[in-house]
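K.L.:
Based on what follows, work out the 3D shape:
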Amino acid sequence: MLPSVDRDVTSAEAAGRRGFLPDEAARLKRLRELASVSAGPDPVLDALVNAACLAAGTPIGLITLLDSERQWFKSKQGIEGDGSLRADAFCDHTIRSSRPFVVPDALRDVRFADNPFVTGSEGIRFYAGVPLEIEPGLRLGSLCVLDRVPRRLGIGVRGLLDRLARCAVERLLQSEDRYLLSRIDAGRLVRAKADKAALALAEEALVQGFFMLHYQPKLALYTGRRIGFEALLRLRKPDGSILGPSAFSAAFDEPRLSRRIGSHVLQCAVAQAKAWEADRFDFGHIAINVSSSQFMKVPGNPCLVDEILAATQSAGLSPGRFQIEVTEGVMLSEQGNDIATQLAALRAAGFIVAFDDFGTGFASLVHLKELAYDEIKIDGSFVRAMIGSSADHAIVKAMIDMAKALGKEVVAEGVETMAELQALKALGCHYGQGFLFGRPISASYMEFPAD
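P.N.:
You can find the predicted model right below:
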């Protein structure tokens, strides 16, 4: 459970104990290093604010950064302006602790009863903020939700706000690689060595043929009919043990190696589809994941669209036999416009395109409307959480409703229990995959009769 400050203050003496944070100079120095206040709009942070308002059910949401005199609205929803005096900022209280800060009714709290946000046109009565702690003890601002009526905040929603705040911190850190490299510590060196070992492992796996695909079935939830498989990359060591992607995940961050792995996955999936067709096994489709590096245009190499078309056409396979899965992070990367063009070309050629791990990235409603895709895959973390959390249940419902309104199909990942299955069916989810229906296994161990 996340602790929070969730009480009214009636003592003016207690309310007056304010002052600057003990490490204020270090905090302001860190803020300048990020150079975030002067940066332009960030669609990723906008999406996080949107998600926070949705989770909390509030009309107003903010991501704020506080310098010595002002509070800046780095991202906002439901409120005008670009900031305020720091002296008037609820968030100035939030950054004084690593805990969430909640004000159930600002009019009954002597710290805020005369605040211009409360007495003025905005009429703020409720506030809940989570500090953006960039490093231990250095809190640069907050992710917060506000309302014009008094209210309380459930424990489940506090947890979601905390997760969104951590996402906001990661986003802010993405723009300061130079600073991070100047602060390499022993822990980072250990991780760097682990990444180097992972790259060597992946390189060896490509050369020695250790990479293999496992296949997990996807089912229509209402009929139980199998509609396809997702191809999942595994590494078989010489001793026969099988490693998952976490053992070589660093390879996906190295563009050249990532492209080679992606090409290997494509060739293996095409070969398996061809073999299944020869065996008259109606497998539906095979879904393969592609990385952002595969969309890069490299002189002398075909673009991803041409590579996929060449592989499937040479095997005599219909494009409908394949689904191309792309995460939100890939779709919204710096190559976003070119990726969207290539995905549109794949769809035009007859391939299925899916938004993978939906809910864990930063896609906004605008992206849902504008990008080229056929299907949304809800991340398994939301599926697992929805049974015990009304907030997560509401988010899954919103995802399904939005997808259906946009004419898209929905696949729920990570379905493991009958309770999750029944809840998804009640919400109108079309398809699912997960351990409840089958674990990923090698095609050589499958014993499905031809449909």
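K.L.:
Just the element for Glu277, please.
P.N.:
In this assignment (DSSP states H and E), Glu277 forms part of helix 255-278.
K.L.:
any idea which helix or strand comes after the lowest-mean-pLDDT helix or strand in the chain?
P.N.:
Of all helical and strand segments in the chain, the minimum by mean pLDDT, DSSP states H and E falls on helix 12-15, at a mean of 38. Scanning forward in sequence from helix 12-15 by DSSP H and E, the next helix or strand is helix 24-34.
K.L.:
on that earlier part again, quick check: next helix or strand after the helix holding Glu277?
P.N.:
Note on helix 255-278: by DSSP H and E, the next helix or strand toward the C-terminus is strand 286-289.
K.L.:
Give me the packing partners of that following strand, helices and strands only.
P.N.:
strand 226-236, helix 255-278, strand 322-327, strand 352-358 (3 or more CB pairs under 8 Å, 6 or more residues apart in numbering; DSSP states H and E). The C-beta positions use only the backbone N, C-alpha and C, and glycine is treated the same way.
K.L.:
Pull the residues that contact it.
P.N.:
215, 218, 228-231, 233, 265-266, 269, 272-273, 321-327, 352, 354, 356 (CB atoms under 8 Å, 6 or more residues apart in numbering).
K.L.:
and it, which strands flank it?
P.N.:
With DSSP bridges as the test, strand 286-289 is paired with strand 226-236 (parallel), strand 322-327 (parallel).
K.L.:
Now do the helix holding Glu277: which elements does it pack against?
P.N.:
Judged by 3+ CB pairs under 8 Å, 6+ apart, the packing partners of helix 255-278 are helix 186-208, strand 211-220, strand 226-236, strand 286-289, helix 304-314, strand 322-327.
K.L.:
and stretch 115-128, how far out from the chain's middle?
P.N.:
Relative to the centre of its chain, stretch 115-128 is centred 32 Å away, using CA atoms, centre = their mean, to the nearest Å.
K.L.:
What mean pLDDT does that stretch get?
P.N.:
Here stretch 115-128 scores 95 as its mean pLDDT.
K.L.:
how long is it end to end?
P.N.:
16 Å (CA to CA, to the nearest Å).
K.L.:
Likewise for stretch 115-135?
P.N.:
30 Å.
K.L.:
Any chance of JSON lines for the helices and strands packed on strand 286-289, columns mean pLDDT, mean neighbour count and distance to Phe211?
P.N.:
What follows is the helices and strands packed on strand 286-289, written out as JSON lines (pLDDT from 0 to 100; neighbours: other CB atoms under 10 Å; distance: least, CB to CB, whole Å):
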{"stretch": "strand 226-236", "mean pLDDT": "95", "mean neighbour count": "20", "distance to Phe211": "6"}
{"stretch": "helix 255-278", "mean pLDDT": "93", "mean neighbour count": "18", "distance to Phe211": "6"}
{"stretch": "strand 322-327", "mean pLDDT": "92", "mean neighbour count": "24", "distance to Phe211": "18"}
{"stretch": "strand 352-358", "mean pLDDT": "86", "mean neighbour count": "23", "distance to Phe211": "20"}
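K.L.:
With Thr94 as the reference, name the closest of those.
P.N.:
Closest to Thr94 of these, according to CB to CB: strand 352-358, at 29.5 Å.
K.L.:
quick one on the thing from earlier: run the angle between the helix holding Glu277 and helix 186-208 for me.
P.N.:
Angle between the axes of helix 255-278 and helix 186-208 is 40 degrees (criterion: axes from the mean of the first three to the mean of the last three CA atoms, to 10 degrees).
K.L.:
can you pull the alpha-carbon coordinates of helix 255-278 into CSV?
P.N.:
Provided in CSV are the C-alpha atoms of helix 255-278 (Å, rounded to 0.1, in the frame of the first residue of the first chain):
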residue,chain,number,x,y,z
PRO,A,255,20.1,-1.9,-34.4
ARG,A,256,22.3,-4.1,-36.6
LEU,A,257,21.9,-7.2,-34.4
SER,A,258,18.2,-6.5,-33.9
ARG,A,259,17.6,-6.4,-37.7
ARG,A,260,19.4,-9.7,-38.1
ILE,A,261,17.4,-11.3,-35.4
GLY,A,262,14.2,-9.9,-36.9
SER,A,263,15.0,-11.3,-40.3
HIS,A,264,15.7,-14.7,-38.7
VAL,A,265,12.4,-14.7,-37.0
LEU,A,266,10.6,-13.8,-40.2
GLN,A,267,12.3,-16.6,-42.2
CYS,A,268,11.6,-19.2,-39.5
ALA,A,269,7.9,-18.1,-39.2
VAL,A,270,7.5,-18.3,-43.0
ALA,A,271,9.1,-21.7,-43.2
GLN,A,272,6.8,-23.0,-40.4
ALA,A,273,3.7,-21.6,-42.1
LYS,A,274,4.7,-23.2,-45.3
ALA,A,275,5.2,-26.6,-43.5
TRP,A,276,1.9,-26.3,-41.8
GLU,A,277,0.1,-25.6,-45.1
ALA,A,278,1.9,-28.6,-46.6
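K.L.:
Check the offset of it from the chain's centre.
P.N.:
26 Å.
K.L.:
got the angle between it and strand 211-220?
P.N.:
If you take the same axes, to 10 degrees, helix 255-278 sits at 60 degrees to strand 211-220.
K.L.:
Not counting its own residues, what contacts helix 255-278?
P.N.:
Looking at what lies outside helix 255-278 - CB under 8 Å, 6+ apart - the contacts are 199, 202-203, 206, 211-213, 215, 231, 233, 251-252, 283, 286, 288-291, 293-294, 296, 298, 301, 307-308, 311-312, 315-317, 321-322, 443.
K.L.:
cool, stretch 66-83 as well?
P.N.:
Residues outside stretch 66-83 that contact it (CB under 8 Å, 6+ apart): 24, 28, 31, 36-37, 41-42, 45-46, 48-50, 53, 58-65, 84-86, 88-89, 91-92, 95, 122, 140-141, 146.
K.L.:
Just the buried residues from those residues, in ChimeraX please.
P.N.:
Those of the contacts of stretch 66-83 that count as buried under 16 or more other CB atoms under 10 Å are selected in ChimeraX with:
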select :28,31,36,37,42,45,46,48,49,50,53,58,60,61,62,63,64,65,84,86,88,89,91,92,95,122,140,141,146
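K.L.:
Of the contacts of stretch 66-83, which belong to strands?
P.N.:
Ile60, Gly61, Leu62, Ile63, Thr64, Leu65, Ser84, Leu85, Leu140, Gly141, Leu146 (DSSP state E).
K.L.:
out of the residues you listed, which one sits closest to Gly244?
P.N.:
Distances from Gly244 to the ones in strands among the contacts of stretch 66-83, taken as CB to CB, are shortest for Ile63 (34.1 Å).
K.L.:
Surely that closest one and Cys167 touch.
P.N.:
No - contact criterion CB atoms under 8 Å: Ile63 and Cys167 do not qualify, at 10.3 Å.
K.L.:
Give the residues shared as contacts by these two.
P.N.:
Leu48.
K.L.:
before we move on, back to that, of the contacts of helix 255-278, keep whichever come out buried.
P.N.:
Listed as buried from these are 199, 202-203, 211-213, 215, 231, 233, 251-252, 283, 286, 288-291, 293-294, 296, 307-308, 311-312, 317, 321-322, 443; burial here means 16+ other CB under 10 Å.
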